[in-house]
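**Student:** Build me a model from this:
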Amino acid sequence: MRRHSFEHDGLVFSFLDAGGAGKPIIALHGHWMGGSDFSMLAEDLAPEWRVIALDQRGFGETEHAARHSMPAYVSDVEALLDHLSITGPVPVIGHSFGGIVAYHFAAAHPERVSAMVIEDIGVNIQDDSSPYVASWGGVFRLREALEERLGTRLSPYLQNSIHRLPEGWALNFDPAEFLVSERATNGDHWNSWLQSQCPALVISGSESRICDATELRAMAERRSGTKFAQLHAGHSVHIDARKEFAELLRQFLKG
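**Tutor:** Numbers count the residues shown, from 1 in each chain. Below you'll find the model as predicted:
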């Protein structure tokens, strides 16, 4: 995937584009992560699909932002499509935080979304990560020290979010700013989820500590044209069950 950038809302946004002649598909990452987390998926879906993965505001190589809100996140996706001159409807994949943005975008711009894939995120969000995320800030002299602070469970998933600075190692997002983003996504999102009409697939990780599969099943049952699937994986299903996730997407998008 090749990295590109564009300006929007006073910020420089970064995104990865697999390129090629495949049909475009937009991928939106979860909190703490970035577009690079979809690099393996891009390989698995090529050459039929051209994965375009946005670093959302405050994450990855996109600039940090003072404004965090659902309308802002929706406008960022719209600006990406405009920058790429993609005018027709495209599928949108959203993992966790990115899934919330995806179904809000589909509700606001139904003419630009042909299908949705919502990965391990519900519609009734009440998260507070401050007890442990607050200690992740700052620069660590050794990469291993930062990884130890992240913990053995989360560190493997955040490898792409660690970057080198002249004075040491740090995350490429500000934990304090992430908490602002987390608060912006908390709430009851049922109305936005049910507002769009495009085909949708809700994917659950059977071992996820973030989402209740019962709620994800209910999302599929209450919304027409929506399927539910569960894979043996944690919260990052596209990483834990890479091949199965890609095959599930291919079959869904083929329909």
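**Student:** Tell me which stretches of the stretch 151-255 of the chain form helices.
**Tutor:** 175-185, 190-195, 213-222, 237-240, 242-254 (DSSP state H, counting those that start in this stretch).
**Student:** can you list contacts of the last one?
**Tutor:** So the one you mean is helix 242-254. For helix 242-254, the external contacting residues (C-beta atoms under 8 Å, 6 or more residues apart in numbering) are 25, 40-41, 44-45, 48-49, 91, 93, 115, 117, 199, 201, 203, 227, 229, 231-233, 237-238. No exception for glycine: its C-beta is placed from N, CA and C like everyone else's.
**Student:** what about that helix, distance to the chain center?
**Tutor:** In terms of C-alpha atoms, centre = their mean, to the nearest Å, the centre of helix 242-254 is found 17 Å from the chain centre.
**Student:** distance of the residue sitting nearest the centre point of the chain from Gly138?
**Tutor:** Of all residues in the chain, the one closest to the mean position by C-alpha atoms, centre = their mean is His29, 1.9 Å from it. Look at His29 and Gly138: by C-beta to C-beta, to the nearest Å, they are 23 Å apart.
**Student:** before we move on, what about Asn191?
**Tutor:** 39 Å.
**Student:** With Ser206 instead?
**Tutor:** 35 Å.
**Student:** What are the contacting residues of the worst-scoring helix or strand of the chain on mean pLDDT?
**Tutor:** Of all helical and strand segments in the chain, the minimum by mean pLDDT, DSSP states H and E falls on helix 130-133, at a mean of 88. With C-beta under 8 Å, 6+ apart as the test, helix 130-133 has contacts from Gly151, Pro175, Phe178, Leu179.
**Student:** my read: the second one touches Leu146, true?
**Tutor:** The reference is to Pro175. No: shown here, Pro175 and Leu146 do not form a contact pair, counting by C-beta atoms under 8 Å, at 11.8 Å.
**Student:** Give me the more crowded residue out of the two.
**Tutor:** Neighbour count, other C-beta atoms under 10 Å: between Pro175 and Leu146, Leu146 has more, with 20 against 17.
**Student:** Count residues in the vicinity of the closest residue to the more buried one other than its chain neighbours, would you?
**Tutor:** In this structure, Leu146 finds its nearest non-sequential neighbour in Phe140, 4.0 Å apart by C-beta to C-beta, 6 or more residues apart in numbering. By other C-beta under 10 Å, the residues close to Phe140 number 19.
**Student:** can you check Lys227 too?
**Tutor:** 14.
**Student:** in the sheet, who's paired with the residue lying closest to it once chain neighbours are set aside?
**Tutor:** Nearest residue to Lys227 in three dimensions, chain neighbours excluded: Leu201, at 5.0 Å (C-beta to C-beta, 6+ apart). Leu201 has these beta-bridge partners by DSSP bridges: Val117, Lys227.
**Student:** thinking Leu201 is in contact with Asp120, fair?
**Tutor:** No: at 11.9 Å, Leu201 does not count as touching Asp120 under the criterion of C-beta under 8 Å.
**Student:** Who has more neighbours out of the two?
**Tutor:** Legend: neighbour count by other C-beta under 10 Å for Leu201 and Asp120, higher for Asp120 (26 against 23).
**Student:** Let me see the ranges of the strands in this protein.
**Tutor:** Applying DSSP state E to the chain gives strands spanning 2-8, 11-17, 23-28, 49-54, 90-95, 113-119, 124-125, 162-165, 168-171, 187-188, 200-205, 226-231.
**Student:** Which of these sits closest to Met70?
**Tutor:** With respect to Met70, and counting by C-beta to C-beta, the nearest of the strands of the chain is strand 187-188 at 8.7 Å.
**Student:** Direction included, what does that closest one pair against?
**Tutor:** strand 124-125 (antiparallel).
**Student:** tell me the average confidence for the strand it pairs with?
**Tutor:** Average pLDDT, strand 124-125: 96.
**Student:** Ok, stretch 152-165 next?
**Tutor:** Per-residue pLDDT over stretch 152-165 has a mean of 93.
**Student:** Counting neighbours, show which residues of that stretch come out buried.
**Tutor:** Residues Tyr157, Leu158, Asn160, Ser161, Ile162 are the ones in stretch 152-165 that count as buried (16 or more other C-beta atoms under 10 Å).
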